[in-house]
Every structure is written in structure tokens, then in C-alpha cells.
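Enquirer: quick one: sequence and predicted model below, then my questions.
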Amino acid sequence: MKITDLNSIKSALLEGKVVRIFHSGDKSPKIAEIIEIARKKGVPVYRKEGERLSAEISPIKYAEFDYIVKRAISRNTFILFLDNVVDQRNIGACIRTAEFFGAAGVVLPKRRGGSVQEGALKASAGAVFHIPIARVENFAAAIKKLKKLGFAAMAADLDGEDLEKVSVSLPAAVVIGGEDKGVSRPVKKQCDAVARINGVGKVNSLNLSVAAGIVLYCLSRQNY
């Protein structure tokens, strides 16, 4: 995967994910810092005209779902599921938020665009290198499995009850729905609670990554 965002390149370098770096000779302080880190770590640096700075990184290595489950249990925390989320910027922003609030991991669908590409990596500000990310075939089945292990499950959707009145204990599965489709019906059926964020303006919904931040903040406030 090729990336060009400077913050993402630096994070990838520090995590040992960069294979090689290309640059045009730009001597800005930020680029000079990145090249110095690369050289200290033995990462090849090549001159390439027209390439201000870019890096080739090894593909994102997805974690096993069971590993994230064990991590959530041992840390008594939550797992974030992104159902029908296809916009890479939203995926990255949600991963960043999940890492910030101490999630055990993030789960994406194996189908319907559930992967981490450059846009998500950039929006995550490097968080993709600090939190396990898994991909599963069937969200409903995965959440059903978690409930048998004692997890609570909550979805965020417009038809839910007031988030302020919803109480969810840990460990938990938290589901955020996609830009257009929201949380799928089979997944919602597996959830113990469906919550909505109440507003006072004329628009009736938030960008999903903003909504994810509010939901995870409320969950953290309840449990930590």
C-alpha cells in the first residue's frame, strides 16, 4: 500500500510497517524528521522526482476475531463493529475514536468494502497501527457469540431510545451503522439496546464518525 500523508508515514515507520520511502528532495523539517527516522531504522530511502514524500507499507495485518474477544474480556472493555460503513474516512475516524477510548478492537465486514485503505489510514492518524482490526463474514453471528460469553450489545440508530437513558455494562459490543443503510436488521435484532443521539437542530442525524465518538464517550463515562 502506498501512503502520502506525513503523519501516517511517521506512525507507520515507528511501528515498523514501512518497506521503502520515496522523496523529491524536499527539505521541510517534517520530511527531514521522517527521513532521519527511516535511516535510523534501516528503511531504504530513494530519490524520485515529483514524489514529495511517499511510503510503501506492508499490508494491514488483520487480527483474528477471537483474539479481540479475549482482549475485550481481559480488559473489560468494548469491541466496535462498523456495519455497512464503506467511506474510508469514516472508517479511519471511527478506528481513531475506538483506540482513543480503549476499545479491544474494531470489526469490519469481509464484504461491502470492509477494509483499511489509504483514506482510512490517514483519517485514523496512525491509530490503525495501535489497535487490532478484524474482519468477519457475519456480524449477527459474531454478536450472538459474544452474548453467549456475557457481552452486552448495543447499536446506534435513529429508531432507538435516548442514548442518555441507555445503560450498557462491559464487556460490550457497540455497533455503528453505515452512511446510507445504517445498522442491518439481523444485527439490530441481536442487540440488547438500540440508542439514538437526540439533537435540537433541524437536521436529524450526525456524521457517523461524530456519532461514534458521542456513543463511545457516553459508554466510557458510564463504566470508567
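Expert: That came through, no problem. Residues are numbered from 1 along each chain as shown.
Enquirer: in this protein, where is pLDDT below threshold?
Expert: Within the chain, the stretches with pLDDT under 70 are 112-113, 224.
Enquirer: nearest the geometric middle of the protein, what residue?
Expert: Against the mean C-alpha coordinate of the chain, by CA atoms, centre = their mean, the closest residue is Ile95 at 1.8 Å.
Enquirer: measure the closest residue to that one other than its chain neighbours to Ser184 for me?
Expert: The shortest distance from Ile95 to any non-neighbouring residue, by CB to CB, 6 or more residues apart in numbering, is to Ser124 (4.5 Å). Yep, even glycine has a C-beta here, placed from its N, CA and C like the rest. Applying CB to CB, to the nearest Å, the value for Ser124 to Ser184 is 24 Å.
Enquirer: do the same with Ile21
Expert: The gap separating Ile21 from Ser184 is 41 Å, by CB to CB.
Enquirer: what residues sit buried inside the longest helix seen in the chain?
Expert: Selection of the longest helix in the chain by residue count, based on DSSP state H, yields helix 208-223. The neighbour-count check on helix 208-223 (16 or more other CB atoms under 10 Å) flags 208-209, 211-213, 215-216, 218-220, 223 as buried.
Enquirer: distance to Lys27 added to those residues, as CSV?
Expert: Output for the buried residues of helix 208-223, formatted as CSV (distance: CB to CB, whole Å):
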residue, distance to Lys27
Leu208, 40
Ser209, 35
Ala211, 42
Ala212, 39
Gly213, 37
Val215, 44
Leu216, 40
Cys218, 46
Leu219, 45
Ser220, 42
Asn223, 48
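Enquirer: from these, which is closest to Lys41?
Expert: Nearest to Lys41 out of the buried residues of helix 208-223 is Ser209 (CB to CB; 31.5 Å).
Enquirer: now do the longest strand along the chain: distance to the chain's middle.
Expert: Secondary structure of the chain per DSSP state E: the longest strand is strand 152-162. In terms of CA atoms, centre = their mean, to the nearest Å, the centre of strand 152-162 is found 19 Å from the chain centre.
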